[in-house]
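Engineer: this is a predicted model, with the sequence first.
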Amino acid sequence: MTTFTRSLAGLLSVIALSAITTSGARAQAVTKQPPSFTPLPTELIGVSPSDPRLTPIQRDNVLRFNIVDKLDLLDRDFNVKVCLPSPPTSPADIDPHRSLMVHDLSTLTARDFSLKRTMDQLASQVVAQVPGTTGASIFRQFWDTQNPAAQALTTSPRCSDAGGTLNGLPHACRPRNSGEEGNEAVGSDATINNRMNGSFDRFSGYVPLALVNRLDLAHEGWRNCGEYRIVYGELLALPGARNLIIFEGVLPNPTPGCRSGCKPVMQMWKSLSAMSSASDRATKLEEFFYTGLPGFRPVVHVDHYSSKGVTGTYGGSGSGQIRTNQFATTSRWMLKEFKTVLNCSSTPCKFEIVPIPVKVNPWGTLWNEDITNTPANPLSPAALAFQNSALGQTALLGDPTLMRIGYSVSPTHNAPQSFSQAPASPFLATPSSLPPFDVWHDQYLTQFNAAVGPINTFRTGLQGGAAVHGLTATQLVKRATAQSCAGCHQPSAFGLLSANSIGPALTPTGTTVTSWPNSLGNFVHVETSPAALTELSTPAFASNLGHALSPALRDVFLPDRKNFLVDQLNAITCPCTHRFTTLATELREPAFKRQNALLEQLVPQATAWQSLLSERLARSRTLTLAESLKLDAQRASISEQQEKSLAEMRKALGMPSIAIGPASQPVTREVALEPARRTTSGSFRTH
C-alpha cells in the first residue's frame, strides 16, 4: 500500500470548532475534508487491471484508482497544523437561482452569453492551427453531423459513417432534406451568425437559458473542478418544438489531486448569492466563462469539451462534452452527445465537433437475456458483459438515497443517441412488430421483460440483488432507466412517475418518494421562452422573468447540489503538497524533508488564523453572509501565500510547472476510452 493510499484512506481529526447558527439555519464548521475518492479494497491494491481474474467492475475500479494514484499532488489533511478551517456557510446563505442555476432574464441579458460568442471563442482558440475557422463554420459543421453523406455540406463526420453506426450500433440521422435539425447547417455565414445571436425581441435564433454550476460532477480525487454549463435554446414558431445545445465544460483543477485547488471556484459561486445586482452577477459569470478566474482557464475552451481532456492525467473522460436536445420538428425527441477534436495527425490540422455515444445510456437490447444466450447474435458478447456489470452494481441501483441511485455503464455499451418516443404514424404498431432501433432501444424494461428463454441467470440474479434492498427487479431496471437521458427528460414515457415505480428513496430535503421526479413534461428541464416566476420575485432580480425549471430541478437536483456546495465550502483547506513521483527515487526523501520543513514554517500563520476564527465564533452564534465572505477572503489570502511558498520550493527542486497553458492540445479521434467516470461523491451521475 502506498503512502498516498494510506493517507487518503483515513480521515484524521483536526481542529475542533463549534457549530453556529447562521441566518436561522444550522451551519457546521467542518473539521475535516470530505473523502474525494472510493478506496480500493485491500485485496485489489497492487493488482493489475489486466488480471483475468478480475470482474469488469473490479477492473474498472482498479483502472480508476490507478489514474488517481498517478496524480502528483495531494491535499495534506493529515498535517492538521497547516490546515485552515473555513468560515461556516449556512444552506440559507446559498440562493440556488444565483449560485447554482442562473436562469433569470435580467442576468442572462446583462452581458453577452450568446451562442455566437461561445462559438467565436472556440474558433479563436484553434484558428492559428486551423486557418479559416470561424464560429459560423463550427456551427455549420456541428449540425452537418445530422446529415447523411448524400446531403452533407461539409467533409466532417456524419451520421452515415461506418455504415450508419456509432459504437457499432445504429446511428440515427436527422436530415435536412426532411426539414429536420440537419437543416441548421444550411445558410450563409451571415445567416448563421444571426441565428446564433438570437433575440427575444424578434423571437428567433438561439438564446442562453441558464448558466449552471455542477461542482458536484468533479471527478474523483479532484482531478478537475466539475462541469459548468451554458444551456442554449432555439426560439421556434412551431408549437411545442424544442432545440437545445448544452455546452458542458469540465474546468481543469490547477492542482489536480487537491481539493484546495478548486476552492476559488466554490467561493465565486457562493459570492453570487450576496450580489443583489444582476449586472454584477453577470460580470462575474462572464469572467468565469469567457476570461477565466485568476489561475484558471475560461470555461469556454475547446479542450474542456474534447476527446482527451486537458492533460494526460485527466484521461479520456477528464473533459466535458456538448449535448443536443432535439425536437425542432416534433418528429421524435432525440438527444445526442459530442466532443471537440483538434486533429493534427496530418497537415493542415483539422477542427471538428464529432458525435460520440451518450453516457449512461446502454443500448436497450443489452438488457435482454435471450440476446446473451444467442451466440449468433453479434450483440451477445456485449450483452453478457453488460449484464454481468449490472449484476455487480445492484447495491448502487438499490441505494436508499434518491440522488445516490446510479450505476456505471462501460463506454463500449452506450447507444449513439437517446430516444423517448415511438415514431410518428404510420409506424405506430405493437412493440413486437418493430425492431429495437425503431422504438424500443431506450425502453429497458420492455427489453428486460422480452426475454423468455430458459436460461435466466441475469433475471434471477437481478431479482436477488434487488431483494436485498427490499426492491424488485422491475424497480431496479426503472432506476437504471431514470439515469438515461430519455428517462430523466421524459420519465412519464417509462412509467417512472407511477407510485412505487422505483421503490422508496430519500430526497435531499428529507422526504421519501417512490417515483422519479418529473421534467417539464416536454423533454426539457429548462423552458425556452421566459415567463414570470415566483422564485425570481425578490429584490435580487431586476424582474421576475426567467426560464422555468422542472420539478426535478427545483425540488430534488438543486437541493442536492446545494448540500454538496455547502459541504465543500465548510470543509477545511489544506496546502497542496507534492508526492514527488516525477523525481528520481534517490531525490524523493530529501524533497519530502524539504517540504515538511516548509510546512512547519507555515504553522504559526495557520495557528493564528485558527485562533482568530475560533474567537470570532465564540463571541456570537450568528454570522452574516457578508461577514462570511470577508473572512473567506482572509482565509484565501493565507492559502495563496501557502501555495506560493510551495510553488517556490517546487521550482527550486527543478520540477516542471503544473500550470495549465492557454493553448489548445491536438488530439485525434481515436483515443483510448477510460472507464465510466465517477465523481468525488462516488456517483456516476451525468445529468
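Structural biologist: Good, I have the coordinates.
Engineer: I'd assumed Ser156 was in a strand, is it?
Structural biologist: No - counting by DSSP: H, G, I helix; E, B strand; the rest coil, Ser156 is not found in a strand; it is coil.
Engineer: any idea what Lys350 is bridged to?
Structural biologist: Beta-bridge pairing for Lys350 (DSSP bridges): Asn343.
Engineer: against Ser156, how distant is it?
Structural biologist: Going from Lys350 to Ser156 by Cβ to Cβ, to the nearest Å gives 8 Å. In this view, the C-beta of every residue, glycine as well, is placed from N, C-alpha and C.
Engineer: and Gly470, by the same measure?
Structural biologist: 50 Å.
Engineer: ok, Ser529 next?
Structural biologist: Counting by Cβ to Cβ, the gap from Ser529 to Ser156 is 32 Å.
Engineer: please say which of the two ends up with more neighbours.
Structural biologist: The residue with more neighbours, out of Ser529 and Ser156, is Ser156; 18 against 13, by other Cβ atoms under 10 Å.
Engineer: the more buried one is in contact with Arg140, isn't it?
Structural biologist: No - using Cβ atoms under 8 Å, Ser156 makes no contact with Arg140, being 9.3 Å away.
Engineer: list phi and psi for the residue lying closest to Arg242 once chain neighbours are set aside.
Structural biologist: Among residues not flanking Arg242 along the chain, Phe327 sits closest, at 4.1 Å (Cβ to Cβ, 6 or more residues apart in numbering). Main-chain torsions, Phe327, degrees, to the nearest 10: phi -160, psi 40.
Engineer: was I right to think Phe327 contacts Met334?
Structural biologist: Yes - judged on Cβ under 8 Å, Phe327 makes contact with Met334 at a distance of 7.5 Å.
Engineer: can you give me the helices for the stretch 51-200 of the chain?
Structural biologist: Using DSSP state H, counting those that start in this stretch, the helices found in the stretch 51-200 of the chain span residues 56-69, 96-99, 105-108, 115-126, 135-144, 161-164, 189-196.
Engineer: show residues contacting the fifth one.
Structural biologist: Spelled out, it's helix 135-144. With Cβ atoms under 8 Å, 6 or more residues apart in numbering as the test, helix 135-144 has contacts from 115-116, 118-123, 152-154, 156, 158, 181-185, 187, 189, 192-193, 196, 322, 338, 351-353.
Engineer: also the second one?
Structural biologist: Residues external to helix 96-99 that are found in contact with it (Cβ under 8 Å, 6+ apart): 103-104, 213, 269-270, 272-273, 275, 281, 535-536, 540-541, 546, 558-559, 561-562, 565.
Engineer: looking at the residues you listed, which are in strands?
Structural biologist: Among the contacts of helix 96-99, DSSP state E puts 213, 546 in strands.
Engineer: return the subset of the contacts of helix 96-99 lying in helices.
Structural biologist: 269-270, 272, 281, 558-559, 561-562, 565 (DSSP state H).
Engineer: buried subset of these, written for PyMOL?
Structural biologist: Selection command for PyMOL covering only the buried members of the ones in helices among the contacts of helix 96-99, criterion 16 or more other Cβ atoms under 10 Å:
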select buried, resi 269+270+272+281+558+559+561+562+565
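Engineer: of the ones in helices among the contacts of helix 96-99, just say which sits nearest to Ser346.
Structural biologist: Trp269 (41.7 Å; Cβ to Cβ).
Engineer: list the contacts of that closest one.
Structural biologist: Trp269 makes contact with 99-100, 213, 215, 565 under the criterion Cβ under 8 Å, 6+ apart.
Engineer: farthest pair in those?
Structural biologist: Longest distance between any two of these is 10.0 Å, between Ser99 and Leu215; criterion Cβ to Cβ.
Engineer: any idea how this protein splits into domains?
Structural biologist: According to automatic domain parsing, the chain comprises the domains 100-359, 366-410+430-527.
Engineer: can you tell me which of those domains is most buried?
Structural biologist: With neighbours taken as mean count of other Cβ atoms under 10 Å, these reach their highest mean count in domain 100-359, at a mean of 20.
Engineer: kindly check the end-to-end length of that domain for me.
Structural biologist: 23 Å (Cα to Cα, to the nearest Å).
Engineer: now that domain, how far from the chain's geometric center?
Structural biologist: Distance, stretch centre to chain centre, for domain 100-359: 13 Å (Cα atoms, centre = their mean, to the nearest Å).
Engineer: now it: average pLDDT?
Structural biologist: For domain 100-359, the mean pLDDT works out to 92.
Engineer: tell me the spacing between the residue nearest to Arg242 and Thr509.
Structural biologist: Applying Cβ to Cβ, the value for Phe327 to Thr509 is 31 Å.
Engineer: same question, Ser346
Structural biologist: Distance from Ser346 to Thr509, counting by Cβ to Cβ: 55 Å.
Engineer: Leu633: neighbouring residues, count only.
Structural biologist: One thing to correct before we go on: residue 633 is Ala, not Leu. By other Cβ under 10 Å, 12 other residues sit near Ala633.
Engineer: count of neighbours near Leu40?
Structural biologist: Neighbour count of Leu40, defined by other Cβ under 10 Å: 21.
Engineer: let's number from 47 now, not from 1
Structural biologist: Shifting the count to begin at 47 puts that one at Leu86.
Engineer: for it, which non-adjacent residue is closest in space?
Structural biologist: Nearest one to Leu86, counting by Cβ to Cβ, 6+ apart, is Phe111 at 4.9 Å.
Engineer: what's the answer for Lys697, then?
Structural biologist: Among residues not flanking Lys697 along the chain, Ser703 sits closest, at 7.9 Å (Cβ to Cβ, 6+ apart).
Engineer: how many neighbours does that neighbour have?
Structural biologist: Residues near Ser703, counting by other Cβ under 10 Å, number 9.
Engineer: residues in contact with Asp450?
Structural biologist: Actually, residue 450 is Arg rather than Asp. Under the criterion of Cβ under 8 Å, 6+ apart, the contact partners of Arg450 comprise 442, 727-729.
Engineer: make CSV from these and add distance to Arg667 to it.
Structural biologist: Putting the contacts of Arg450 into CSV (distance: Cβ to Cβ, whole Å) gives the following:
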residue, distance to Arg667
Leu442, 40
Ser727, 30
Gly728, 33
Ser729, 34
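Engineer: just the buried ones from the residues you listed?
Structural biologist: Buried among the contacts of Arg450 by 16+ other Cβ under 10 Å: 442, 727, 729.
Engineer: could you redo those residues as TSV and give each row pLDDT and secondary structure?
Structural biologist: As requested, the buried ones among the contacts of Arg450 are exported to TSV (pLDDT from 0 to 100; DSSP: H, G, I helix; E, B strand; the rest coil):
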residue	pLDDT	secondary structure
Leu442	96	helix
Ser727	88	coil
Ser729	90	coil
